[in-house]
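Colleague: Okay, predicted coordinates and the sequence, questions at the end:
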Amino acid sequence: MRLCRADETDAFAVIDDLNALNVCHVISDVIIGELLTSKARSDLDEILVVRLNRFRLLPYTTRDGLCWEVLLLSGHERAFVADVMRNIHDQMTRATSYSILAKRDLNSEQKAMLAKQVVPELARFGFPKDFERDKDEALTAARNMLQAFGIEGIEWPESATPESLFTVYEQLMSFLGDSVVAELHEQSRVQDSITTSEDRPYQVATRTASDKTKKRLSNTLRDSEHMMMFIKHRSEIDALQVDVAQETLIRRVKPRHRVAELGLADRCFAADSLANVVDKVRSLRTSCLQGLASRQKQIILILTARCANARIFQVVHLLQS
């Protein structure tokens, strides 16, 4: 946002400084989706695309086919896409709130308030009001819902027992695949770590949240998507810019942020201006190079201390180079 709103001279100066640091920026579905949710910024997006194309190095794309030019969509088409993207994002905010609360210990009053909202939602898919009493009906509803989502090939039992339900669970995990299941678990950890000390998910799930609260939670959950993208591509992406609030959460000692648990806290930064972005990137780049030099020195010391063989010294020389 700062890059497209800045004075042209200032924006170009910042890009030139980042080019001098050999910075390669990133295009992801998350950032494209975030920008497309706004229908009245086509003029700013035109400026943004022009300025991003001034980067000397081609952007790193988190999947094939991504490009900034999609932001040039305008008029009725842009308005339609923005409405669809916003609706999807709002629905995902509610769904994620339900998911977060499913793992929390709620008191009886909170459970009653949540059930008041969840039961009618599930009834639309054929789920009974009382899962414990009507297990078979709940199983049938689950089968119909998943088949409507295109999930086929699951062997469904005739009756719901702990053993038969666990068999269905195993089949669903196999259908998704290990990599998808691992990514979903990681996403859940990230979301939990940034919402653990607040009740906004509860407010959204029970429809007691103000519009401001819903928007703030929506933005927080979108931040978690950026973090997930960073975590997933951390071997290729060196740093992630976050806002000040998220940087504070990442740096806190307790409860630990998932990004910190993965040892990525020092690769995240917040900046209060465009010029500050350059300073932060320069500092991160210096730290990265120093860390690499330190690791090389440690590898050399370990290898030379353990072996006096000429071939090992050749390996050391290659590492040093």
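Modeller: All right, it came through fine.
Colleague: domain parsing for this structure?
Modeller: According to automatic domain parsing, the chain is divided into the following domains: 1-73, 74-270, 276-320.
Colleague: For the last one, give the mean pLDDT please.
Modeller: Over the span of domain 276-320, the pLDDT mean works out to 58.
Colleague: swap in the longest one?
Modeller: The predicted model assigns domain 74-270 a mean pLDDT of 92.
Colleague: could I get the domains of the chain as a markdown table with mean neighbour count?
Modeller: Glycine gets a C-beta too; all of them are placed from N, C-alpha and C. Listed next are these as a markdown table, based on neighbours: other C-beta atoms under 10 Å:
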| stretch | mean neighbour count |
| --- | --- |
| domain 1-73 | 15 |
| domain 74-270 | 15 |
| domain 276-320 | 12 |
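Colleague: So which residue is dead centre in this structure?
Modeller: By C-alpha atoms, centre = their mean, the chain has its centre lying nearest to residue 225, at 1.7 Å.
Colleague: So it is in contact with residue 32, correct?
Modeller: No: assessed by C-beta atoms under 8 Å, residue 225 is found out of contact with residue 32, at 11.6 Å.
Colleague: Can you give me the separation between the residue nearest to the centre of the chain and residue 94?
Modeller: Using C-beta to C-beta, to the nearest Å, residue 225 is found at 16 Å from residue 94.
Colleague: distance between whichever strand or helix holds residue 97 and the chain's centre?
Modeller: For residue 97, the element it lies in under DSSP states H and E is helix 75-102. Counting by C-alpha atoms, centre = their mean, to the nearest Å, helix 75-102 is centred 15 Å from the centre of its parent chain.
Colleague: what packs against that helix?
Modeller: If you count contacts as 3 or more C-beta pairs under 8 Å, 6 or more residues apart in numbering; DSSP states H and E, helix 75-102 packs onto helix 29-36, helix 178-195, helix 200-205, helix 211-232.
Colleague: That concludes my questions; thank you for your assistance.
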